[in-house]
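S.K.: Okay, structure incoming, though there's no sequence with it:
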């Protein structure tokens, strides 16, 4: 799967992390890639241009979201997928609960890896952002500021952001002493600048980072004093709302560039609070951002009463829980243990359900992400009683 699969293969371990409301993350996105291939998803869908063309490329922005947002997209797409299965004479694959969790985790992880940058656009940005007011490009070190030709080559934009982060206090002193404005950037610009600097460097040393381990990032989030102002999973602290409020839909470069853009205000605030600027070494930036990024995989809790309304309005009760032994009871004890167990049951049941609806001349009941959350809240509440 090109660059993305190569990056996934570099993940040594993605240890299980439990967030608020006992939400468990996939243990390793690589497991989801295996499910994606073994269940023949790749026969129809491509990732980053590699795979089948019968379905859309799943690495695009539209196919991204929290666990139940992704589940909503899969569910609403079921009739179209079933037609493709029939055309290709393929059996619809059955998934276990773990396989469903791994698959959704893999799809969520795709956007984390980002996209390759433009060297030409990066060259223009280095000039327009005022980087060359301090740095040189082939002119040697000047006033202690390194030449871009001499910086270590790096395999990911994240290393560039980490280097900028560590030098932020010194850089801001230089900026204040000059007429250059504090340079901000979005995720796309960060990727392009990194692509240019990687090509411009003539250094023999190459720095490599893995995509990051969210459990390590969670520990670093506390060790580096991020929790003094920010909250990863909880309530409101003195200065900032929890990072779970952020829009994390743009991948690792977007999260990293947001940290950089916020750096000027952070430095002033940390000085006022007598907090030292946290330096990040090795894979620490990658780990912290992996933790922040995966906060978006957890869904907000649904409303039980609204879930009951969805269950009734979508016609679920017309077949389920009527005492028919051939149809699974969705409110039996232990049937729905997690969001993934619900989605797994829905996925495995989809072909038979569509056949039944066709004989009854009924439409496929589409579910929004909110309705999916509410339905899970109702079913989980019912199966616990």
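M.R.: It's in. Please read these numbers as outputs of a predicted model, since none were measured by experiment. Numbering: from 1, shown residues only.

S.K.: in stretch 51-58, what's buried?
M.R.: 51, 55, 57-58 (16 or more other Cβ atoms under 10 Å). The C-beta positions use only the backbone N, C-alpha and C, and glycine is treated the same way.

S.K.: Likewise for stretch 361-379?
M.R.: So for stretch 361-379, counting by 16+ other Cβ under 10 Å, buried means 364, 367, 369-379.

S.K.: Return the subset of those lying in helices.
M.R.: 369-379 (DSSP state H).

S.K.: Residue 292 and residue 158: what is the separation?
M.R.: According to Cβ to Cβ, to the nearest Å, residue 292 and residue 158 sit 12 Å apart.

S.K.: whoops, I mixed them up, residue 316
M.R.: For residue 316, the distance to residue 158 (Cβ to Cβ) stands at 44 Å.

S.K.: Looking at these two, which one has more neighbours?
M.R.: Neighbours per residue, other Cβ atoms under 10 Å: of residue 316 and residue 158, the larger number sits with residue 158, 26 against 18.

S.K.: And for the helix or strand hosting that one, what's in contact with it?
M.R.: According to DSSP states H and E, residue 158 maps onto helix 157-166. Here helix 157-166 makes contact (Cβ atoms under 8 Å, 6 or more residues apart in numbering) with 114, 117, 151, 154, 171, 190-191, 193-195, 197, 207, 209, 252-253, 256-257, 259-260, 263, 279-280, 284-286, 289.

S.K.: Buried subset of these, written for ChimeraX?
M.R.: Filtering the contacts of helix 157-166 down to the buried ones (16+ other Cβ under 10 Å) takes a single ChimeraX command:
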select :114,117,151,154,171,190,191,193,194,195,197,207,209,252,253,256,257,259,260,263,280,284,285,286,289
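
S.K.: Tell me which of the contacts of helix 157-166 fall in helices.
M.R.: Using DSSP H, the contacts of helix 157-166 in helices are 171, 190-191, 193-195, 197, 252-253, 256-257, 259-260, 263, 284-286, 289.

S.K.: what's the burial count for residue 258?
M.R.: When neighbours are counted by other Cβ under 10 Å, residue 258 registers 22.

S.K.: Same question for the one 3 residues further on.
M.R.: Residue neighbour count, defined by other Cβ under 10 Å, stands at 16 for residue 261.
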